[in-house]
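1. okay, sequence plus prediction incoming.
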Amino acid sequence: MSLLLDQLFTIEQDFSPDREKQRRGLQLLIDSPGALVVVAEEGDEIAGMATLQLVVSTAEGGRSGVIEDVVVSEPYRGGGIGHKLMDHLLSWAESQGATRMQLLADRDNQPALDFYQKQGWSLTRLVALRKSFS
């Protein structure tokens, strides 16, 4: 999965690959009851992965899901794997009581933006901000 995250963070301008950080983050997600990590396998290879975390939304008055990572290895793109990963995340979040989903995508990653819009996602007027402690 870290290799897939390398591909993702090479595309995104705000992040850079760091296998040790990604390994720790994946382990935290796997160990969290309020999170889900899904993988798509083709033969003995991991072809894609996606992660989701539940948070409390005051706007919704309940749970909301935040999709953190969605990546399909380049040789497998366009074959429906991303759609299946997203469907699995959405079904799980709904079964956990989430009423809204959200995600961030790099504004310059037009293929990803097109993919999400084809899946019924819409752009918001919100702007993402961040502050790092390390």
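-> Looks like it came in fine.

2. okay, CA-based contacts and neighbour counts for the rest of this
-> Noted.

3. now the helix ranked longest in the chain: buried residues?
-> Longest helix of the chain, by residue count under DSSP state H: helix 81-95. For helix 81-95, burial by neighbour count (16 or more other C-alpha atoms under 10 Å) applies to 81-82, 85-86, 89-90, 92-93.

4. which of those residues sits closest to Val71?
-> Taking C-alpha to C-alpha as the measure, Val71 lies nearest Gly82 of these, at 7.4 Å.

5. tabulate the buried residues of helix 81-95 (JSON lines), appending distance to Gln22 and pLDDT.
-> Supplementary listing: these in JSON lines, determined by distance: C-alpha to C-alpha, whole Å; pLDDT from 0 to 100:
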{"residue": "Ile81", "distance to Gln22": "22", "pLDDT": "96"}
{"residue": "Gly82", "distance to Gln22": "20", "pLDDT": "96"}
{"residue": "Leu85", "distance to Gln22": "19", "pLDDT": "97"}
{"residue": "Met86", "distance to Gln22": "20", "pLDDT": "97"}
{"residue": "Leu89", "distance to Gln22": "20", "pLDDT": "97"}
{"residue": "Leu90", "distance to Gln22": "23", "pLDDT": "97"}
{"residue": "Trp92", "distance to Gln22": "23", "pLDDT": "97"}
{"residue": "Ala93", "distance to Gln22": "23", "pLDDT": "97"}
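
6. need those in a markdown table with distance to Val39, can you?
-> Below are those laid out as a markdown table (distance: C-alpha to C-alpha, whole Å):
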| residue | distance to Val39 |
| --- | --- |
| Ile81 | 10 |
| Gly82 | 10 |
| Leu85 | 7 |
| Met86 | 11 |
| Leu89 | 11 |
| Leu90 | 14 |
| Trp92 | 14 |
| Ala93 | 16 |
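
7. do a quick rundown of the strands in this protein.
-> Here the chain has its strands, by DSSP state E, at 35-42, 45-57, 62-72, 100-103.

8. and these, which is most packed in?
-> For the strands of the chain, average neighbour numbers computed from mean count of other C-alpha atoms under 10 Å are highest in strand 62-72, which has a mean of 20.
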